[in-house]
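Peer 1: Provided below for reference: sequence and predicted model.
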Number of protein chains: 4
Amino acid sequence: MRSDARANRDRVLAAAEEVFGESGNAGSTEEVARRAGVGIGTVFRHFPTKRALVKATIVRHLTLLAETARARGEGGEAGAAFRETFREMVSGAPAKLTLVALLEEPADSTGSADEVEAAATMVREAVEELLSRGQQAGEVRADATVDEVYMLIRALANARGDRTVVDRAVDIVLDGLSPRRSE
Amino acid sequence: MRSDARANRDRVLAAAEEVFGESGNAGSTEEVARRAGVGIGTVFRHFPTKRALVKATIVRHLTLLAETARARGEGGEAGAAFRETFREMVSGAPAKLTLVALLEEPADSTGSADEVEAAATMVREAVEELLSRGQQAGEVRADATVDEVYMLIRALANARGDRTVVDRAVDIVLDGLSPRRSE
Amino acid sequence: MRSDARANRDRVLAAAEEVFGESGNAGSTEEVARRAGVGIGTVFRHFPTKRALVKATIVRHLTLLAETARARGEGGEAGAAFRETFREMVSGAPAKLTLVALLEEPADSTGSADEVEAAATMVREAVEELLSRGQQAGEVRADATVDEVYMLIRALANARGDRTVVDRAVDIVLDGLSPRRSE
Amino acid sequence: MRSDARANRDRVLAAAEEVFGESGNAGSTEEVARRAGVGIGTVFRHFPTKRALVKATIVRHLTLLAETARARGEGGEAGAAFRETFREMVSGAPAKLTLVALLEEPADSTGSADEVEAAATMVREAVEELLSRGQQAGEVRADATVDEVYMLIRALANARGDRTVVDRAVDIVLDGLSPRRSE
DNA sequence: GATGAATGAGAGTTCATTCAT
DNA sequence: TATGAATGAACTCTCATTCAT
């Protein structure tokens, strides 16, 4: 019976990612339950609060993201790895950072953002790793810090618009991140 | 009493900009009324629908923005004008584009988005003007189009975070928008 | 300036008859003001309450009705006068009793229904006069009382439906009111 | 819990019949909830719209009415059956047609009036059946059609007033519906 | 006296959350 | 443990009524 519960939890999380991804915080818990194919009670049994559900969704998201980024970082060419991960984080399907915007909406003063923050930190660290390798290889400008890079990724991930326009915007930003002439 | 009414209308719009700027579409009309210091009925007298209020808020926003951008464009040095306006649009107080995100949320299929669209077009055109002047002056890379530039502005305007980090991120983007070595 | 006021009062009453005739009690005071071409304040200056306005409308209505009925009663043939007035009250344009239904909706426990009651009594008396003349002339069954006749008029006046159906229904009722075989 | 739900649904409908019977469309959904002893949310769970609640109430009403009329029609004497049913429809407790007036108020242009219309047709057909049997038995005037009869029933059912007066009014109408002398 | 802007109680409706089954 | 019915606070919107001009 434990495995049933876990399976349900996962289905709920997947549904939540769909729903909140589409409608943001305005997505309803009942819609999540419906798409997960469970009763509303089940959702609340696993996540005592809508907020908790949103957080868990984000954590799942960020964890996936960090793993992907880290895996990518293992590869050989540091510059390419950095740039590809940047691109993927901005527009990659399973890696979309969009959901994070949910957390930015309400002033997160509950103090219980820890879990999310931990996951976010993992992503940041993965980005940092990629960034410093790129810099050491001389393929990324030396004066860029994780802060800016991470912010740029998040900003672009949240932007809506034509895929091609996003791609060109990313090109520009990556150009901005390439080593300066004088370097 | 016409003047009173207009004053109230303005206070409502200002309050709406605050509220929707903070909480997005989830901000409540009642909160707007409270901050404006008027009764809920007054808000609805001026804007028959929440949607109408949101739209009016955005239009006001965009209009201001377009005016600022255009004024800035009159100045002499094309490159500096472009860059300063870019910065201002991203972080300028009365010019923040954040609200535009509201429009991206609901599928605006009412067909009555005309006014908003018109205002948005004005902003785009102002940006376009600045961009092409900058390009003609050889201070902005020639292959950039309004689409990307406008998207970058919006993406960064919506990003939350330290002011200084935003500034550095803008630096990077502007570097990306400067003429390429080979040019 | 007195005559202006009276003129406004009359326009308001006429508008009220239109509006409440169409939409019943659900008609709004503002709609009345709009159709009367006056401000909402003017309506409330003349009638301190919506209820008061409704009542005044009904009184005007009933007064007109009573006058028409009485005028009709002066004529020669008692039976024809009775039947024609009956018909007119049911479907006559300026004489429609429909509005009375408004009063029947809320339990009229304000105790201030006096004015309306007085007007209603005038109508009743006019009907009574016509009825008894008809009975004396042997053209209306002797055992009918005003109560039933008045109720039948009101019931039919409130009925919605094809004009021709109403007419045929009235025929049937008038047949029921004609002298019995044995009389 | 299905049975609880059904029980609540029924209580809501019963309360709705009371409330709308008293105050017409102006009766509030909250009052219905209060009288049913349930929360407002429960009312809306069962009937997604006030309109839907009103409709369901009417349908229930009409269905009951049609059944009663049809049961009555089975009896032997056609004339008596017709007259008794007429009386019952006008003043019978569980059979009062009053609610139908609700339908006459708003221009029912939603196109979804089907269910109500179907129920209304059933009532009409029951009346028609009784009428034609009465006519074949020579106990009801031959030239009367359902249209008038149905309208008379509705008109009298909606009339307010002393029970005895209503009864006498019905007597008159039934006299009008009896076979003409010459027949 | 007339005007119409402001008010706020109240109505319909939604949705996070609880709880009986 | 899962279910989904019940709950009620909160939200958008309406309208009778008041009041400054």
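Peer 2: Perfect, thanks for sending it.
Peer 1: Could you list the domains of chain A?
Peer 2: Following the TED database, chain A resolves into domains at A:1-48, A:49-177.
Peer 1: Could I get those domains in JSON lines, plus columns for mean pLDDT and mean neighbour count?
Peer 2: Any C-beta I mention is one placed from the backbone N, CA and C, and that applies to glycine too. Formatted as JSON lines, the domains of chain A follow (pLDDT from 0 to 100; neighbours: other Cβ atoms under 10 Å in any protein chain shown):
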{"stretch": "domain A:1-48", "mean pLDDT": "90", "mean neighbour count": "16"}
{"stretch": "domain A:49-177", "mean pLDDT": "84", "mean neighbour count": "18"}
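Peer 1: for these, which one sits closest to residue C:86?
Peer 2: Proximity to residue C:86 (Cβ to Cβ) singles out domain A:1-48 among the domains of chain A, at 59.0 Å.
Peer 1: hmm, that closest one in reach of chain D?
Peer 2: No: judged by Cβ under 8 Å from any Cβ of the partner chain, domain A:1-48 makes no contact with chain D; its nearest approach is 11.3 Å.
Peer 1: Quick one: closest of the domains of chain A to chain B.
Peer 2: Counting by Cβ to the nearest Cβ, chain B lies closest to domain A:49-177 out of those; the figure is 2.8 Å.
Peer 1: Near chain B, which residues of chain A are found?
Peer 2: So chain A meets chain B at A:24-26, A:104-106, A:141, A:144-145, A:147-148, A:151-152, A:154-156, A:158-162, A:165-166, A:168-169, A:172-177, A:180-181 (Cβ under 8 Å from any Cβ).
Peer 1: and residue A:15, what is it in contact with?
Peer 2: Counting by Cβ atoms under 8 Å, 6 or more residues apart in numbering or on different chains, residue A:15 touches A:32, A:33, A:34, A:35, A:36.
Peer 1: Run through the helices of chain A in chain order.
Peer 2: A:2-23, A:29-36, A:40-46, A:50-74, A:78-91, A:100-104, A:114-136, A:146-158, A:163-177 (DSSP state H).
Peer 1: what's the closest of these to DNA strand F?
Peer 2: Comparing the helices of chain A against DNA strand F with Cβ to the nearest atom of the strand, the closest turns out to be helix A:40-46 (2.1 Å).
Peer 1: Alpha carbons of that closest one, as CSV, please.
Peer 2: Only the C-alpha atoms of helix A:40-46 are listed here, as CSV (Å, rounded to 0.1, in the frame of the first residue of the first chain):
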residue,chain,number,x,y,z
ILE,A,40,-9.1,16.1,-4.1
GLY,A,41,-8.7,14.5,-0.7
THR,A,42,-5.7,12.5,-1.9
VAL,A,43,-4.0,15.7,-3.0
PHE,A,44,-4.4,17.2,0.4
ARG,A,45,-3.3,14.1,2.1
HIS,A,46,0.1,14.2,0.4
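Peer 1: Just checking it against DNA strand E, any contact.
Peer 2: Yes: interface with DNA strand E: helix A:40-46 contributes A:40, A:41, A:44 (Cβ under 7 Å from any atom of the strand).
Peer 1: Can you give the contact residues for that helix?
Peer 2: The contact list for helix A:40-46, computed with Cβ under 8 Å, 6+ apart, reads A:5, A:8, A:9, A:12, A:29, A:30, A:32, A:33, A:36, A:53.
Peer 1: what's the closest non-adjacent residue to the last one?
Peer 2: What sits nearest to residue A:53 in space, not counting adjacent residues and going by Cβ to Cβ, 6 or more residues apart in numbering or on different chains, is residue A:47, at 3.9 Å.
Peer 1: Please give me every residue in contact with the one you found.
Peer 2: The neighbours of residue A:47, taking Cβ under 8 Å, 6+ apart as the test, are A:12, A:53, A:56.
Peer 1: Now distance to residue B:82 too, for these, in CSV please.
Peer 2: Below are the contacts of residue A:47 laid out as CSV (distance: Cβ to Cβ, whole Å):
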residue, distance to residue B:82
A:12, 48
A:53, 44
A:56, 44
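Peer 1: now, which of those residues sits nearest residue C:68?
Peer 2: Looking across the contacts of residue A:47 and measuring by Cβ to Cβ, the closest to residue C:68 is residue A:53, at 70.7 Å.
Peer 1: of all the residues in chain A, which ones are close to DNA strand E?
Peer 2: Counting by Cβ under 7 Å from any atom of the strand, the residues of chain A near DNA strand E are A:26, A:28, A:29, A:30, A:40, A:41, A:44, A:48, A:49, A:50, A:51.
Peer 1: Let me have those in TSV, adding distance to residue D:77 as columns.
Peer 2: Shown next, in TSV, are those (distance: Cβ to Cβ, whole Å):
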residue	distance to residue D:77
A:26	66
A:28	61
A:29	62
A:30	58
A:40	58
A:41	59
A:44	63
A:48	69
A:49	69
A:50	67
A:51	72
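Peer 1: Looking at the residues you listed, which is nearest residue B:81?
Peer 2: Taking the residues of chain A next to DNA strand E together and measuring to residue B:81 by Cβ to Cβ, the closest member is residue A:26, at 39.1 Å.
Peer 1: Could you measure from that closest one over to residue B:25?
Peer 2: 7 Å (Cβ to Cβ, to the nearest Å).
Peer 1: need the contact list for the residue lying closest to residue A:79 once chain neighbours are set aside.
Peer 2: The spatial neighbour of residue A:79 that comes closest, neighbours along the chain excluded (Cβ to Cβ, 6+ apart), is residue A:139 at 2.8 Å. When contacts are counted by Cβ under 8 Å, 6+ apart, residue A:139 touches A:78, A:79, A:82, A:178, A:179.
Peer 1: Now residue A:139: phi and psi?
Peer 2: Dihedral angles of residue A:139 (phi, psi; degrees, to the nearest 10) stand at phi -110, psi -10.
Peer 1: Then the one 5 residues further on?
Peer 2: The phi and psi torsions at residue A:144 (degrees, to the nearest 10) take the values phi -80, psi 140.
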